[in-house]
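J.: Just the structure for this:
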Amino acid sequence: MLATVPAATLLGVDGVAVAVEVHVARGLPAFTVVGLPDTSCRESRDRVRAALLTSGFTWPDRRTTVNLAPTAVRKIGSSLDLAIAIGVLVASEQLSPAAVEGRAFLGELGLDGTLRHVPGVLPLIEAIAAAEVIVPPPSVHEASLVGGHTVRCAVDLRELVDALTAEAPWRRPPEPPMHCDAAAVPELADVRGHQVARTALEVAAAGGHNLLMVGPPGAGKTMLAQRLVGLLPDLDDAIALAATRVHSAAGALPLGGLVRRPPWRAPHHGTSAVAMVGGGSQRLRPGEISLAHGGVLFLDELGEFSAVVLDALRQPLEEGVIRIARAETRVEVPARFLLVAAMNPCPCGEGVTPSACRCTDRALERYRRRVSGPLLDRFDLRLDVHRPDPHALLHGDGVETTAQVAVRVQRVRALAAGRGVTTNAELTGPALERVAPLSSEAEQLLERALESGRLTARGLRRVWRVARTIADLADHTGPLAAEHLASAFHLRADPGFLLGVAGR
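T.: Have a look, this model is predicted:
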């Protein structure tokens with residue numbers, strides 16, 4: 001007998017509908033899974049067999065073939081376990097086909113028949129056309145985020161079959177998890193003696209501008225970066241759903257609830273290129289840049305990252321997506337994030353004072369080569385962070401809190417939304433010229449910067465966008481003045497000066 005049960009598998013961060021076809025016929029006892037299953041999917045044979053037997057069902061002592069259609073898509077993970085088990089029960093006539101009609105099944109099976117949560121429930125549910133979906137209890141709230149499906153659950157295989165045959169009622173879904181706010185973010189008011197850096201943080205948060213901070217150890221670079229995410233507003237519905245889909249596919253989503261607060265990712269400088277951008281040989285997992293979608297990617301000790309890892313960031317920074325290609329498949333994963341980086345001016349960290357620097361020219365050159373010119377050009381804001389004045393550090397007060405600055409950031413973000421973009425950093429071409437016209441003095445200032453070689457064509461647009469953000473924070477509505485461009489240049493220090501080259 002032949003049975004077909006709807007399910008889904010992951011491809012990157014997207015779900016792909018799968019028809020699990022199970023055929024039980026006379027012949028030598030065998031169990032074969034075809035349709036490009038990966039190792040964990042192929043191992044479902046043993047999990048399903050043990051789950052059926054421990055749940056009191058009969059394992060068909062005949063030739064059983066499981067086809068996972070479409071056969072051109074590789075099936076990964078254990079999300080098809082439950083669908084295969086139900087298909088075996090229907091094909092072996094232990095369960096009526098009418099009991100599973102119009103229903104899809106997702107979940108991993110334990111050897112005792114227990115239904116277990118699998119990563120990627122949100123995108124998997126999105127790919128399913130059936131009106132009703134059965135998932136493990138821990139997956140109910142994530143599955144309900146999609147809407148449009150009736151979501152049911154069961155603790156184990158026996159309970160599920162009893163509910164399908166109307167011998168027992170459906171289990172009541174678990175209570176929604178208690179809403180808990182994200183961990184308290186560090187307070188901006190704790191930052192003393194860094195007025196220019198505080199301004200740069202505000203501009204970066206308001207306009208979505210990438211920020212690089214260079215300074216000696218202990219200057220406060222990491223402390224400043226950690227306070228940036230608290231200035232960002234909650235994600236809107238579209239970005240929150242996309243970020244939730246990425247976290248779900250990566251298995252990094254807390255059970256239940258959308259990702260509403262901007263994510264904060266701070267990978268170690270030993271992170272590999274695959275861990276950063278995503279990929280893998282079999283399962284194409286989202287990388288750190290995708291997990292930071294809608295939030296902040298913080299790279300501390302930028303000069304210690306591999307040059308290959310850093311250069312891999314250049315395309316996502318421009319396009320907001322990462323395209324991962326393998327021999328058998330290609331996926332596109334969202335990766336629009338605010339890049340914040342911190343580094344020392346040289347390996348020893350004292351390059352701000354040439355006489356105190358202990359680095360050889362060779363060590364300094366090797367350190368500088370880690371961060372390429374094209375990557376540096378993609379930082380809208382490049383800041384020289386000095387150690388704070390002792391008096392300001394000990395006695396400074398009266399600075400604004402995170403909540404006060406976040407109000408201005410929210411207002412500028414609202415202006416950007418009225419222009420059809422999420423942040424001013426996304427303004428391009430005619431749109432930028434329309435919403436940020438230049439005064440004659442501002443235009444002359446840009447011309448001189450281009451003629452002197454201080455700005456590239458890419459840098460021109462980035463300085464222009466930063467000036468628009470600065471003007472928005474100042475409630476300026478007319479053409480951009482020279483002072484706005486000058487402030488943007490002030491927050492974009494020369495790379496050679498930042499990396500301890502000046503004076504050597």
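
J.: Quick check: residue 165 vs residue 89, distance?
T.: Distance of residue 165 to residue 89, computed by Cβ to Cβ, to the nearest Å: 10 Å. Every residue, glycine included, has its C-beta placed from N, CA and C.

J.: Repeat that for residue 128.
T.: 20 Å.

J.: Tell me which of the two has more neighbours.
T.: Shown here are residue 128 and residue 89; by other Cβ atoms under 10 Å, residue 89 has more neighbours (27 against 23).

J.: hang on, isn't residue 323 packed against residue 334?
T.: No: judged on Cβ atoms under 8 Å, residue 323 makes no contact with residue 334 at a distance of 11.1 Å.

J.: Give me the more crowded residue out of these two.
T.: residue 334 (20 against 15).

J.: For the more buried one, list each beta-bridge partner.
T.: residue 321 (DSSP bridges).

J.: quick one: contacts for it?
T.: Contacts for residue 334 (Cβ atoms under 8 Å, 6 or more residues apart in numbering) come out as 13, 242-243, 246, 290, 293, 320-321.

J.: Same check on residue 198?
T.: Per Cβ under 8 Å, 6+ apart, neighbours of residue 198: 188, 191, 224, 399-400, 405.

J.: Single out whichever of those residues has the smallest pLDDT.
T.: Looking at the contacts of residue 198 by pLDDT, the weakest one is residue 399, with 77.

J.: give me every residue that touches the residue nearest to that one when sequence neighbours are not counted.
T.: What sits nearest to residue 399 in space, not counting adjacent residues and going by Cβ to Cβ, 6 or more residues apart in numbering, is residue 189, at 5.4 Å. Shown in contact with residue 189 (Cβ under 8 Å, 6+ apart): 399-402.

J.: at 7 Å instead, please
T.: Neighbouring residues of residue 189 by Cβ atoms under 7 Å, 6 or more residues apart in numbering: 399-401.

J.: Read off the pLDDT value for it.
T.: Looking at residue 189, its pLDDT is 87.

J.: a strand runs through it, doesn't it?
T.: No: with DSSP: H, G, I helix; E, B strand; the rest coil as the criterion, residue 189 is helix rather than part of a strand.

J.: How much space separates residue 163 from residue 110?
T.: Distance from residue 163 to residue 110, by Cβ to Cβ: 18 Å.

J.: now swap in residue 389 and tell me
T.: Relative to residue 110, and taking Cβ to Cβ, residue 389 is found at 61 Å.

J.: swap in residue 468?
T.: 56 Å.

J.: what about those two, which has more around it?
T.: residue 468 (25 against 16).

J.: thinking again about what came up before, now which of the contacts of residue 198 would you call buried?
T.: Neighbour-count burial (16 or more other Cβ atoms under 10 Å) applied to the contacts of residue 198 gives 188, 191, 224, 399, 405.

J.: which residues of the stretch 101-250 of the chain score low on pLDDT?
T.: The stretch 101-250 of the chain contains residues with pLDDT under 70 at 177-183.

J.: In it, what residue spans correspond to strands?
T.: For the stretch 101-250 of the chain, the strands defined by DSSP state E, counting those that start in this stretch cover 103-105, 108-109, 115-116, 132-135, 150-153, 211-214.

J.: between the ones you listed, which gets nearest to residue 205?
T.: For residue 205, the closest of the strands of the stretch 101-250 of the chain is strand 211-214, at 9.2 Å, according to Cβ to Cβ.

J.: Which strands and helices lie in contact with that closest one?
T.: strand 338-343, strand 381-384 (3 or more Cβ pairs under 7 Å, 6 or more residues apart in numbering; DSSP states H and E).
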